[in-house]
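> 3D model of this:
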Amino acid sequence: MSDTGTMERSVSDQKSEHFDVLIVGAGISGVGAAYHLTKQCPDRSFVVLEALESFGGTWQMHRYPGIRSDSDLYTFGYRFKPWTGAPIATAQEILTYMGEVIDENDLGGHIRYKHKILNANWSNKDNQWTIVAQKLDTGEKIVITANFLWMCQGYYRHSEGYTPEWEGMSDYKGQIVHPQTWPEDLDYKNKKIIVIGSGATAATVAPAIAGDAAHVTILQRSPTYFIPGRNANELADQLRVLDIDESWIHEITRRQILHDQAEFTRRAFDEPDAVKEELLAGVSMFLPPEEVKKNFTPTYLPWRQRIAFVPDGDIFEGIKAGKASVVTDEIERFTEKGILLKSGKTLEADIIITATGFNLSVLGDIDFNIDGAPLDFSKTVTYRGMMFTGVPNMVWVFGYFRASWTLRVDLLGDFVCRLLNHMKKKGAKQVSVALRPEDRDMKLLPWIDTENFNPGYILRGLHLLPQRGDKPEWQHTQDYWLEKDELPEIDLDEAAFVYK
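Numbering: from 1, shown residues only. Predicted structure coming up:
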């Protein structure tokens, strides 16, 4: 007898609520989805279930010092809500912005917090999803049915970050902290700190705590690219001097940034050596050549991993001031007092921070079933990175690696609402996607092209993700600049869509 079956029977006597649409998650994607539903499908009932105690997702859960965006808020913000602050924003500024979206559009009454979805079963007989969720504050299990699932829960596991298992970790007498589960009472004042990692999180935490710590050492296996610059947008600032309306400023600045990003992405692939030199020149404005060569010159070409913007070069300023330093080496083992490196050097620390990434979560780690049979997403093929063969009435919001996540939230908001309205017009109760006759011999590949983009969390979890085809419609192309034109033009009656 399956656990799912037992749980369903244990709540089967409860009266279930029904909604046209159930949105999973109240982060940047879920709040955006809720907005688009209210504007484009005002006749549909919907509910948003969120496991955390409030909205915000990433920005609610991460509490480490200095937490900020690594994308500009003119594109990470919604297209419909002007951003008026500095391009790189703190978590609190992003939460304030999202709170305004919720209040201005009366979304709060649709959101239920501390509701964790345990399982979801699709019934072809009833043409609906049955969701079992648990109220985390009381432990009570509830049942909700919905015609359509809009998966907006993100891509990583909120409960824990990824920390590798190194030899000797149990011998270490200090404190080991992952930024994703940062203790509120962590005292790092006048302490020696090691931050393991080389990405945006490490570059955010280190300068944020360096002023209070005795010293912060960033320990990286290999360097990464950064873009230092002023945390300001000259175009937006000039338009404000001219007293242009903020909605126009938001749109004009957004378009300029997207134009510049498209050109940068093109050049990263067409002129990788030139772009690499330009990126290194930016770091060289703060640090001497030997430091740049040793600790800030990656072995890979630009844009194979995300490139974080460093506002005002703060991490480099900390290094220049002697409050922080970078060591490029590999870990041999942990010791009682710190870390022994493969070079033979020892680093001592009172606290070790493992800014070592995420654990991939495929659609929220929810137990999915179709007519009682377990659903394995790795056996499906994705339609444009948002729908899956054989899975009815579901869309997953998975954003962009080389552009702001929220750009796709808005695009898929339009698509889902158009699809829902199309189904209503057709009188269809369900929609799924299926390979067409011309796709029968199509080569199937992993979810993402790891030669061109290979972050650790994707590589570790690739086997769990849906497959892609070698045709654009059967993959997440990760190309916003094409999708912004292609997604609105999708023919909802073309052969890939199956209606019942």
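
> mind listing the strands for the stretch 251-400 of the chain?
Per DSSP state E, counting those that start in this stretch, the stretch 251-400 of the chain carries strands over the ranges 308-311, 324-328, 331-334, 338-341, 346-348, 351-354, 367-370, 373-374, 382-383, 387-388, 394-396.

> so which of these comes closest to residue 171?
strand 331-334 (6.0 Å; CB to CB). Just so you know, the C-beta spots here come from the backbone N, C-alpha and C atoms, and that holds for glycine as well.

> so which elements touch the closest one?
Judged by 3 or more CB pairs under 8 Å, 6 or more residues apart in numbering; DSSP states H and E, strand 331-334 is in contact with strand 338-341.

> quick one: contacts of the strand it packs on?
168, 172, 174, 194, 219, 327, 329-334, 346-349, 352 (CB atoms under 8 Å, 6 or more residues apart in numbering).

> from those, which would you call buried?
By neighbour count, with 16 or more other CB atoms under 10 Å, these hold 172, 174, 194, 219, 327, 329, 331-332, 334, 347, 349, 352 as buried.

> quick one, what contacts residue 227?
Neighbouring residues of residue 227 by CB under 8 Å, 6+ apart: 279, 282, 307-310.

> quick one: residues in contact with stretch 352-359.
With CB under 8 Å, 6+ apart, stretch 352-359 has contacts from 155-157, 160-164, 172, 174-180, 193-197, 199, 201-202, 205, 334, 338-339, 455-457, 460-461.

> how about the helix of greatest length in the chain: buried residues?
Longest helix of the chain, by residue count under DSSP state H: helix 246-270. Residues of helix 246-270 classed as buried by neighbour count (16+ other CB under 10 Å): 249-250, 253-254, 257-258, 261, 264-265, 268.

> how close does the nearest residue to residue 191 once chain neighbours are set aside sit to residue 213?
Closest residue to residue 191 apart from its sequence neighbours, by CB to CB, 6 or more residues apart in numbering: residue 350 at 4.0 Å. For residue 350, the distance to residue 213 equals 9 Å [CB to CB, to the nearest Å].

> between those two, which has more neighbouring residues?
The residue with more neighbours, out of residue 350 and residue 213, is residue 213; 22 against 18, by other CB atoms under 10 Å.

> tell me who's in contact with that one.
So residue 213 contacts 188-193, 323 (CB under 8 Å, 6+ apart).

> ok, now residue 239?
Contacts of residue 239 by CB under 8 Å, 6+ apart are 248-249, 252-253.

> can we see that at 7 Å?
Residues near residue 239 by CB atoms under 7 Å, 6 or more residues apart in numbering: 249, 252.

> quick check: phi and psi at it.
In terms of degrees, to the nearest 10, the main-chain angles of residue 239 are phi -60, psi -30.

> can you pull the pLDDT of it?
According to the prediction, residue 239 has pLDDT 97.

> what stretches of the protein score poorly on pLDDT?
1-14, 454 (pLDDT under 70).

> run a quick neighbour tally on residue 341.
The burial count for residue 341: 17, using other CB under 10 Å.

> circling back: isn't the residue nearest to residue 191 right next to residue 174, touching?
Yes. The pair formed by residue 350 and residue 174 meets the contact definition of CB atoms under 7 Å, at 5.1 Å.

> redo the strands of the stretch 251-400 of the chain as JSON lines? Include distance to residue 236.
Below are those laid out as JSON lines (distance: least, CB to CB, whole Å):
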{"stretch": "strand 308-311", "distance to residue 236": "15"}
{"stretch": "strand 324-328", "distance to residue 236": "31"}
{"stretch": "strand 331-334", "distance to residue 236": "43"}
{"stretch": "strand 338-341", "distance to residue 236": "43"}
{"stretch": "strand 346-348", "distance to residue 236": "42"}
{"stretch": "strand 351-354", "distance to residue 236": "34"}
{"stretch": "strand 367-370", "distance to residue 236": "43"}
{"stretch": "strand 373-374", "distance to residue 236": "50"}
{"stretch": "strand 382-383", "distance to residue 236": "36"}
{"stretch": "strand 387-388", "distance to residue 236": "36"}
{"stretch": "strand 394-396", "distance to residue 236": "33"}
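
> out of these, flag the one nearest residue 29.
Across those, closest to residue 29 is strand 394-396 (CB to CB), at 9.5 Å.

> CA atoms only: put the helix or strand immediately after that closest one in the chain into PDB for me.
Tracing the chain past strand 394-396, the next element assigned as helix or strand by DSSP states H and E is helix 405-426. C-alpha atoms of helix 405-426 as PDB (Å, rounded to 0.1, in the frame of the first residue of the first chain):
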ATOM      1  CA  TRP A 405      14.000  35.300 -14.200                       C
ATOM      2  CA  THR A 406      11.000  37.600 -14.100                       C
ATOM      3  CA  LEU A 407      11.100  38.300 -17.800                       C
ATOM      4  CA  ARG A 408       9.700  34.800 -18.300                       C
ATOM      5  CA  VAL A 409       7.200  35.200 -15.500                       C
ATOM      6  CA  ASP A 410       5.500  37.900 -17.500                       C
ATOM      7  CA  LEU A 411       5.800  36.000 -20.800                       C
ATOM      8  CA  LEU A 412       4.300  32.800 -19.300                       C
ATOM      9  CA  GLY A 413       1.700  34.900 -17.600                       C
ATOM     10  CA  ASP A 414       0.400  36.000 -21.000                       C
ATOM     11  CA  PHE A 415       0.700  32.400 -22.400                       C
ATOM     12  CA  VAL A 416      -1.100  30.700 -19.500                       C
ATOM     13  CA  CYS A 417      -4.000  33.200 -19.500                       C
ATOM     14  CA  ARG A 418      -4.300  32.900 -23.300                       C
ATOM     15  CA  LEU A 419      -4.300  29.100 -23.000                       C
ATOM     16  CA  LEU A 420      -6.900  29.100 -20.300                       C
ATOM     17  CA  ASN A 421      -9.100  31.500 -22.300                       C
ATOM     18  CA  HIS A 422      -8.600  29.300 -25.400                       C
ATOM     19  CA  MET A 423      -9.700  26.200 -23.500                       C
ATOM     20  CA  LYS A 424     -12.800  28.000 -22.300                       C
ATOM     21  CA  LYS A 425     -13.700  29.000 -25.800                       C
ATOM     22  CA  LYS A 426     -13.200  25.500 -27.100                       C
END
